[in-house]
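1. Below: sequence and its predicted model.
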Amino acid sequence: MKQNILIIPAIIIAISVHYSVQAAEWDDFGNIDRMWDGQESITNKEFEEVMDALQSNQKKKETKQRKKLIKKISGGGTSLHGGLEPDSDIEEVSELKAETEGQLLNIPVNLLIDGVPIEKGYYNVIGKKDENGKIYLYFYQSEFLKGKVLAFETTDDFNQETLDFVKLIPQPDSKVKIIFGSLGFNAYAFLPYKPE
C-alpha cells in the first residue's frame, strides 16, 4: 500500500510537467505570421554561385566513384597489354583489314551467269579489281568458285548502313540487281535468273 501512495504523486507530477511543456510549445505558434521577418534576400548571382559549387562537388564525387569502379574491375594495376590502362584514351584504328573473306549472300533463285545456272543457296561473295581496273564479283560455296560476274563501279552507297554489304534486289523481266560495297569500292551488276 505504501508503494501506491508514492507512485500516485509521481504520476501526477509527471503528467503536470508534460502538459506544461506542451502548453509552452503551443505559445510559440502565435508568431507564425512574422516567422520570415529578418530573412535576407538572395540575388540570382549568389544562387547560381552556390549551385555551381554544389554541382562541382557532385562531379568530383562522381569522378571518384568512377575511379573506384575502374580500380575494382581492373584490379588497380596496369594491363599486360600496352595502351589498355584504365586512365588511357582508346586510340582510333587507323587501318581496316583487307577484304579477303567476302560477304555472305542468300540467293533464293537460280541465277544464270554466262548461261550457266547457279543453284539457290548461300554464297560467299568477294569483289576484286583486276589490273585493268575492271571489277568482278566472285561467288564461292565453301572453297569452290561457282561463278564470276563483271560489275560496274559506282559512288552510290545504296542507302546501306554499313560499309561492307552485299544484297540481292529483284528487278522486272526475270532479273536481279546485286549491289556490293566494300572499303575499296561499291559496285552493282544485273543478272538474269531462271524462273521456276
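-> Yep, that arrived.
2. Give the rounded mean pLDDT of the longest strand seen in the chain.
-> Assignment by DSSP state E gives strand 144-154 as the longest strand of the chain. For strand 144-154, mean pLDDT rounds to 92.
3. Identify each buried residue in it, please.
-> Buried positions in strand 144-154, judged by neighbour count with 16 or more other Cβ atoms under 10 Å: 146-147, 149, 151, 153. Using the backbone N, CA and C atoms, a C-beta is placed for each residue, glycine as well.
4. tally of neighbours for the closest residue to Gly147 other than its chain neighbours?
-> Once flanking residues are discounted, Gly147 sits nearest to Ile113: 3.9 Å by Cβ to Cβ, 6 or more residues apart in numbering. When neighbours are defined as other Cβ atoms under 10 Å, Ile113 has 16 of them.
5. So Ile113 sits against Leu145, correct?
-> No: at 10.9 Å, Ile113 and Leu145 do not qualify as touching, with contact defined as Cβ atoms under 8 Å.
6. List the contacts of whatever helix or strand comes next after the longest strand of the chain.
-> Tracing the chain C-terminally past strand 144-154 and defining elements by DSSP states H and E, one meets strand 165-171 next. Counting by Cβ atoms under 8 Å, 6 or more residues apart in numbering, strand 165-171 makes contact with 103-108, 125, 158, 160, 176-181, 190, all of which sit outside it.
7. Drop anything exposed from these.
-> When burial is judged by neighbour count using 16+ other Cβ under 10 Å, the buried members of those are 103, 105, 107, 125, 176, 178-181.
8. and which of those residues is nearest Glu62?
-> Glu62 has its nearest neighbour among those in Gly181, at 41.8 Å by Cβ to Cβ.
9. who touches Phe139 in this structure?
-> The neighbourhood of Phe139, defined by Cβ under 8 Å, 6+ apart, consists of 113, 118, 123-125, 145-149.
10. Downstream of the longest helix seen in the chain, the next helix or strand is which one?
-> With DSSP state H setting the assignment, residue counts place helix 44-74 as the longest helix in the chain. Tracing the chain C-terminally past helix 44-74 and defining elements by DSSP H and E, one meets strand 103-107 next.
11. ok, Gly147 - contacts?
-> If you count contacts by Cβ under 8 Å, 6+ apart, Gly147 has them with 111, 113-114, 116, 118, 138-139.
12. Show me the shaky parts of the chain.
-> Applying pLDDT under 70 to the predicted model, the residue ranges of the chain that meet it are 1-6, 17-36, 38, 74-100.
13. rerun that using 50 as the cut-off
-> Counting by pLDDT under 50, the chain has low-confidence residues at 94-97.
14. hang on, Lys120 packs against Lys146?
-> No: in this structure, Lys120 sits apart from Lys146 without contact. The criterion is Cβ under 8 Å, and the distance is 11.7 Å.
15. Right, I'll leave it there.
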